[in-house]
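**Q** here's a sequence, model it:
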Amino acid sequence: MIESLAPPLLAGAALGVFFFGGLWWTVRKGATANNPAVWFMGSFLLRTGLTLGGFYAVGAGDWQRLLAALLGFALARMVLTRFSPSPQEHRHAP
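**A** Coordinates of the predicted model:
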C-alpha cells in the first residue's frame, strides 16, 4: 500500500515546486513590472488552476492518493522555504 502512495506523493511535491516556484518568480518579476496587478492576478489564476487540476488528476477519486499529494505539496513548501534565499540576502548579493 505504501508503494502505491509514492507516485502521488512525488506528484504533489512537483505541484508544490510548480506553485511556490511560480509564486517566487512572480514576486520577483511583479516587483519591477509596469503593471504588477496583471502579473500577480495572471500568475495566481494560472498557478491555482493548474495545481487544482493536478490534484484532481492525481487524487483520482481516492482520498488516500489525494492526502499523499497534499503531503508532498506541503513538504515541497517546507523545503523551498528552508533553502530559498531571504529577500535581504538576495538584495545584498553582488
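**Q** let me know the secondary structure of residue 22.
**A** Here residue 22 is recorded as helix under DSSP: H, G, I helix; E, B strand; the rest coil.
**Q** how about it, nearest residue that isn't a chain neighbour?
**A** Nearest in space to residue 22, with sequence neighbours left out and distances taken as Cβ to Cβ, 6 or more residues apart in numbering, is residue 47 at 4.7 Å. Bear in mind the C-beta positions are built from the backbone N, C-alpha and C, glycine included.
**Q** chain center to whichever strand or helix holds that neighbour: distance?
**A** Assigned by DSSP states H and E, residue 47 belongs to helix 36-59. Remark: helix 36-59 is offset 9 Å from the chain centroid, using Cα atoms, centre = their mean, to the nearest Å.
**Q** centre-most residue in the protein?
**A** Nearest to the geometric centre of the chain sits residue 19, at 2.3 Å (Cα atoms, centre = their mean).
**Q** so where's this protein shaky on pLDDT?
**A** 1, 86-94 (pLDDT under 70).
**Q** how about a cut-off of 50?
**A** Filtered on pLDDT under 50, the chain yields the residue ranges 92-94.
**Q** what angle separates the one helix or strand the residue nearest to the centre of the chain maps to from helix 36-59?
**A** In the assignment (DSSP H and E), residue 19 maps to helix 2-30. Calculated by axes from the mean of the first three to the mean of the last three Cα atoms, to 10 degrees, helix 2-30 forms an angle of 170 degrees with helix 36-59.
**Q** and helix 2-30, what's buried?
**A** Residues of helix 2-30 classed as buried: 5, 8-9, 11-20, 22-23, 26, 30 (neighbour count, 16 or more other Cβ atoms under 10 Å).
**Q** and stretch 46-64, by the same measure?
**A** 47, 51, 54-55, 58-59.
**Q** in contact with the residue nearest to the centre of the chain, which residues?
**A** 47-48, 51, 73 (Cβ atoms under 8 Å, 6 or more residues apart in numbering).
**Q** let's see that with 7 Å instead.
**A** 47, 51 (Cβ atoms under 7 Å, 6 or more residues apart in numbering).
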